[in-house]
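Novice: Coordinates for the following, if possible.
(3 chains)
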Amino acid sequence: MTAFRSPAGGRIDRSKPIRFTFDGRQMHGHAGDTLASALLANGVHLVGRSFKYHRPRGILSAGPEEPNALVTIDRGGGRETPNLRATQVELYEGLVARSQNRLPGLRFDIGGINNAFSRFLGAGFYYKTFMGPQALGGAKLWARLFEPAIRRAAGLGRAPAGPDPDRYANRFAHCEVLVIGGGEAGLAEALRRSEDPACRVILCDEQAEFGGWMLVEAPERADEMVKALSARPNVTMLRRSQAFGAYAQNFVAIAQQLTDPLATTDAEAPCERLWQVRAGEVVLASGAIERPLVFPDNDRPGILLAGAAETYLRRYGVLPGRKIVILTACDTAYGAAFALQDAGAEIVAIAETRAAPGAGDIAARALARGIPVLPGTTILGTTGHLRVSSVRLGRIRPDGEAEPSGGFTADTVLMSGGWTPSIHLFSQTKGKLRWEEGLGAYLPALPAPGQAIRVIGAAAGEMPAGMRSPALGALPVAGSPDRVKAFVDFQNDVTARDLRLATREGFRSIEHVKRYTTTGMATDQGKTSNLNSLGIVAAETGRSVPEIGLTTFRAPYTPVTFGLFAGQARGDLFDPVRRTPMHDWAERNGAVFEDVGTWKRAHYFLPRRPVDATASGHAAMHEAVQAECRKVREAVGLFDASTLGKIEFVGPDAAEFLERAYVNPVKGLAVGRCRYALLLNEAGFIIDDGIIARLAQDRFHVTTTTGGAARVFGMFEDYLQTEWPDLKVWQTSVTEHWAVIAVQGPRSREIIADLVEGIELSDAAFPHMAVREGRITGTPCRLFRVSFTGELGYEINIPAGLALPLWEKLAERAAEFGGGPYGTEAMHVLRAEKGYIIVAQDTDGTMTPEDMGLGWAIGKKKPDFIGKRGLMRPDLTASGRKQLVGLVAEDRSRVLEEGAQIVPDILAPAGSHAIGHVTSAYSSAALGHGIALAVIEDGRNRIGQLLHIPMERETIAVRVVEPVFLDPEGARLHG
Amino acid sequence: MKFSLFSLLHQGLTGNQGWQPQWRDPAPKPAYDVIIIGAGGHGLATAYYLAKEHGIRNVAVLEKGWLGGGNTGRNTTIIRSNYLWEESEALYEHSVKLWETLSHELNYNVMYSPRGVMMLAHSVHDVQVTKRHIHANRLAGIDNEWLTPEQAQEFCPILNISRDIRYPILGAALQRRGGVARHDAVAWGYARGADKLGVDIIQNCEVTAIRRDASGCVTGVETTRGPISARRIGVVAAGHTSVVMGMAGIRMPLESFPLQALVSEPVKPLMPCVVMSNTIHAYMSQSDKGELVIGAGTDQYTSYSQTGGLHISQHTLDAICELFPMTRRLRMLRNWGGIVDVTPDRSPIIGRTPVPGLFVNCGWGTGGFKATPGSGHVFAATIAREEPHPIAAPFTLERFTTGRLIDEAAAAAVAH
Amino acid sequence: MLLIRCPWCGMDRPEIEFRHAGAAHITRPGPPDRVSDEEWAAFLYLRDNPKGRVAERWRHVHGCGRFFNAVRDTVTDVFVVTYKAGEPRPPETGPGESQPTEARP
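Specialist: Next comes the predicted model:
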């Protein structure tokens, strides 16, 4: 039996002892304990150090409002979590807990020196100094000297060093009624509503057991209610489940703990689950939180909330101390006093801040038990370094000050300033609140529009008179209130005098006070401090609390693990991975992939993958790409173009639609022919390009860029449905339906010729920019005679599921001809040699067709198309716009850097105007030198000019040339 | 009172009773030379520079809530100037230069901390775009350098540069002079500075109408605290700009979106710099208090609710956990929303409007905090001289008619 | 996450099934040679961006795929009504101010 465990009573299982350590010290508790109750049972109150002054701190509360008792729980193997509240951590065998924010230890912490200098470290002190003399570097001193020191001192626990091995789960749920809070009010509501078997009820509570305060006062009743609910199939009961966020239209997020409270961890089992619940109605039964009292030195270990002490005794069988002084502003503390006395503690006195003790005969009952009741009394100070050892009392005078009136030794002080309804989630939904003077608190008034949220029980202010107290703010002191430290926000070390200082300095809105003093901004989000802060600011500024306002309650109610939000979205599940049918083949054949949108595309093929793909990667890539390019130019290359967006348009108005959508004339396109097409936005800028192929009078096959596919499809859908709904045309995405194998190179016809059925391949019958439907290796296909390389070439569209065998056959054949596969990098080189643009590489959303030398594509006679009016705007028709040109460095071997800036003069001091930039740059195997595409102001008039590219250490001279480097006549297109 | 170590010591020894209000709480006068609508960082900076640099001290800053309560107090405080276009470079670099001496200028420690802003590249396209920025910045004399993944990790040791993640890091751009500052202090420092120069900062004073004379010129405003006259009005109302400009009959090329941000519980120093990934939507730094400060994306719909969907922060934390796997067990402490006014080209609008006497400074979208000093500085000059400051000159309303956009979004194809 | 009624499907579905598509009832002016630069700029860029009820377009992109319009209050994010693309804005939905919201305490 540990020293402070009561001989009987409570919900703990005394037959199950549990070993745990705190800061390396081995201790015992029982099943059903929290870390806090077990520590108290071992006589440990000192559990933490405060944020700023590093003052010794003990356990204040028994719930999620705990500001002081923050610990790190280390389960080993990377399962280390800082900043957990000991009041919420369930004890399990072998639990390892460590205190935080102390050096070298909890009992002696050098940071405690801050306490001695606290007079210089008041609210916002850092805004007033550390600026350093300007002569010494001013801002640099802050960043290099002061800030690092402050940062080291700040922070609470440490983040784990390694990745998190745990899994997190996610579930969406729907119900008619979501009841938040499993205390008496919540259980009763759940029982009542679930009588209708068609009414799905979800009940959640953050604790390990349902029952709330009943677990202290009437555990049998709680058990009965829980039993009744458990029997109902329409009720889902979520224990250890904190509703932390309430969002629009009855949408509530709940964090459920799964394996965390268990002794053994299972790598397969999720440690937490995120519930996203859409409810018909949300019923908030979140209870109330006891308020501390603000008196000098109210923060020593051994000073607890009275209700917490009663909880520890009656629910956990733990005596927080043996010699207890109580300071209270309401009646509930009497219950704690009586219970503790019954358990053997000495109640030295009950100091009543009220002039007349509470309702009925409560004071008389205390006196009858031999407990002195001192009305109109407060505490003027306490002593005890690591644990409270005595209190000095003071009589409250009518003038609002207090005069010393003796003192007591005590090892424990209990306090109660009344109870604050927990309306956080209601407030998160933007429900309206009203101020209830008699309660010293805000209450729910009116739900926000669109929210079916109802608040019941103590959270709605339905509390017995004994819980009610209007008391707020700091208690009277003897002498100057600015000479004492009376804490309001325990964790952030905000005292009443800090709040007074802030108001003196003109911070009058509570949001300002909060931000200036940091009150309410600690990890407990001010659950125990907000109203006392309001009370102090109100008193100081002579206004009522509602005039000062209330800081916004923000999600989450209690801190929520990042991993819970991320859930399974990690690694490959972070974002969908799209692979082409040829992906595995490519991987087997040495492909290095690049991410293009969500697609994986073969970037280039390394026959032998180097051990270190990054270090030696560059040279290996260069070689591979050069070889791939040569194969295409000299024999035949295979390219997996399956990722291209593909849209099929069908209907009598299909041609009309495309005519309006693209800049090109489409209506005149003959069946069986293709056209390179440009798509603009309404502003007139190029956003996509592709091939329009006419399969029949009323049927088109249109390609888009890989990255633009979804966007373009959505844009067309928009025009079809909303702009031109009268057009009879249907579009459908066939991107995933057709795999595309580009066969390019002088030998391309040869390797497909005998595989193709029903399509005559001769130049005359099947010219460049033509399309035919037929069969290849017996499979239906759409065969395009198109080229993005400048070579004779085909693009075979074949049903995706049937593509791989064809690809394998073609790869075999290509190899026989000295050809092979090529990746996106070689594709980029080959097209750049021909001056073909890549949208989003050579364009950047600011370029027009004319800019890119593609003005010829525009159907001049068309009355309208998307972007036509945009193109007519003054800046888009102005002279001097950037235009696409080619560049070759004077040192021809030089490969320029993409993105490099271009200036006219060799000397370009900082701030010089760039007349353009390099958009694409490669080493051309075919030409044996570097080539680049660039956009340059008035570029076409500069062809032949020498321009300059200032690099970090040198300036590169470049010659402006035509953007078509190879075969400008297009002879190679015909093989 | 001048703030200094000395004043802190002196006050500490004498009971801290001598501190004065950092700004007054004046009642509005019937008339001012200039009215600024909106007491966020940009509005307060405008007022400060009007008084300081142009001698126009008869200025009122009207604020419907409390000063610094909008986006100034809600953002993730990232400061950088490595923008793409020369117009933007000039504007943001002007601002960074002012940040460097701002604490001294204001005698208020705004905690400008040039700890480096690193922007990650996850794809070949990202690399191209990033390098284009670096080249452009270098030519403009703005520091920005390319880091390999290994160098990036050296600069930010907790960065996950594994090749096995969904979008591996291929490199990064680092602006060493980029960093963060303490957002509230910026508003308060400018407020204190402006107040000292005679500017009236009038809080809880909502503008309900803009008055104009027969010729169309502005003559003042109606407010919840009565009418106030002025011949020059500067609207710096961020997310509410469309609403205020609507009072003068002007439709704006703006849409207001919710933008969320969040912080973790404070932990000991973990993150030495700012890391941004536009591609997978994650922005993170660590405050001096120890909180990880994380920017999420905008919701898809326009809203003035200052709240957003859970799935938006969820998506951001997905990305944070990918990039910084050891943060998975850390916990979100606070999540909040602001209202950002977004222009079609993601660049601000600073300057005159079709209504004589009415000036506007808006459209900063998701990135306005960094520009606070520069924006206020050039806007003050624009109002004082009634013609655009040279740096502000390209950021006109007219550009949306002529097509001369300053499109910072198009090149990156993402929000920035 | 908003809950949105698709007027085509007749069901309330979560926001992640939908894509917002900007302000509604903006007419594309034409023909191009009869439209001024100012009119075109207004079509492209100028928006009411009201604080209160807005008529906006949505697409049920991960559902029926169809566009529809909605009137929503941008202060509360509450949908007043959704209706099919091409239908006029129901007259009773404004344009109007948001319900007055008192300053929150």
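
Novice: wait, what's in contact with residue 323?
Specialist: If you meant another chain, say so; for now it's chain A. By Cβ atoms under 8 Å, 6 or more residues apart in numbering or on different chains, the contact list for residue A:323 reads A:345-346, A:348, A:409-412. C-beta coordinates here come from the backbone N, C-alpha and C atoms, glycine included.

Novice: look at chain B instead
Specialist: Contact analysis of residue B:323 by Cβ under 8 Å, 6+ apart lists B:120, B:159-160, B:169, B:275, B:277, B:280, B:282, B:284.

Novice: hang on, the earlier thing: from the contacts of residue A:323, pick the one nearest chain B.
Specialist: Among the contacts of residue A:323, residue A:412 lies closest to chain B (Cβ to the nearest Cβ), at 28.9 Å.

Novice: returning to what we had before: how about the contacts of residue B:323, which pair is most distant?
Specialist: Taking Cβ to Cβ, the two most distant members of these are B:169 and B:284; they sit 13.9 Å apart.

Novice: near chain C, which residues of the stretch 301-416 of chain B show up?
Specialist: Within the stretch 301-416 of chain B, the positions lying close to chain C (Cβ under 8 Å from any Cβ of the partner chain) are B:301-305, B:307, B:309-311, B:344, B:400-402.

Novice: Okay, now the unreliable bits of the stretch 251-400 of chain A?
Specialist: Low-confidence segments of the stretch 251-400 of chain A (pLDDT under 70): A:265.

Novice: Now for the residue in it that chain C sits nearest to: which residues touch it?
Specialist: Ranked by Cβ to the nearest Cβ, the top residue of the stretch 251-400 of chain A for proximity to chain C is residue A:251, at 5.6 Å. Neighbouring residues of residue A:251 by Cβ under 8 Å, 6+ apart: A:276-279, B:310, C:1, C:3.

Novice: quick one: which of those is nearest to residue A:34?
Specialist: Closest approach between those and residue A:34, by Cβ to Cβ: residue A:277, at 26.3 Å.

Novice: Now the element after the helix or strand where the closest one lies, going C-ward?
Specialist: Assigning secondary structure by DSSP states H and E places residue A:277 in strand A:272-284. As assigned by DSSP H and E, the chain's next helix or strand after strand A:272-284 is strand A:288-290.

Novice: so what strands line up beside that following strand?
Specialist: Counting by DSSP bridges, the strands paired with strand A:288-290 are strand A:419-421 (antiparallel).

Novice: Need the contact partners of the partner strand.
Specialist: Strand A:419-421 is contacted from outside by A:287-291, A:307, A:330, A:332, A:439-444, A:455, A:458-461, A:463, A:467-469, A:530-531, using Cβ under 8 Å, 6+ apart.

Novice: For residue A:191, the count of nearby residues, please.
Specialist: Number of residues near residue A:191 (other Cβ atoms under 10 Å in any protein chain shown) recorded here: 18.

Novice: repeat for the one 3 residues further on
Specialist: A count of neighbours around residue A:194, defined by other Cβ under 10 Å, yields 24.

Novice: Is the residue nearest to it when sequence neighbours are not counted bridged to anything, and to what?
Specialist: Leaving aside its chain neighbours, residue A:194 sits nearest to residue A:201 (4.4 Å; criterion: Cβ to Cβ, 6 or more residues apart in numbering or on different chains). Applying DSSP bridges to residue A:201 gives these bridge partners: residue A:177, residue A:235.

Novice: Residue A:201: what's it in contact with?
Specialist: With contact set as Cβ under 8 Å, 6+ apart, residue A:201 has these partners: A:175-179, A:190, A:193-194, A:232, A:234-236.

Novice: Could I get these in CSV, plus columns for distance to residue A:840 and pLDDT?
Specialist: Output for those, formatted as CSV (distance: Cβ to Cβ, whole Å; pLDDT from 0 to 100):
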residue, distance to residue A:840, pLDDT
A:175, 46, 98
A:176, 49, 98
A:177, 50, 98
A:178, 46, 98
A:179, 51, 98
A:190, 55, 98
A:193, 55, 98
A:194, 56, 98
A:232, 57, 98
A:234, 53, 98
A:235, 54, 98
A:236, 48, 98
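
Novice: which one of the residues you listed has the most neighbours?
Specialist: Neighbour tally across the contacts of residue A:201 (other Cβ under 10 Å): the maximum, 33 neighbours, falls on residue A:179.

Novice: check which helix or strand covers that residue.
Specialist: Residue-wise, residue A:179 maps onto strand A:168-180 under DSSP H and E.

Novice: which of the residues in the helix or strand that that strand is followed by are buried?
Specialist: Next helix or strand after strand A:168-180 toward the C-terminus (DSSP H and E): helix A:184-193. Residues of helix A:184-193 classed as buried: A:184-187, A:189-191, A:193 (neighbour count, 16 or more other Cβ atoms under 10 Å in any protein chain shown).
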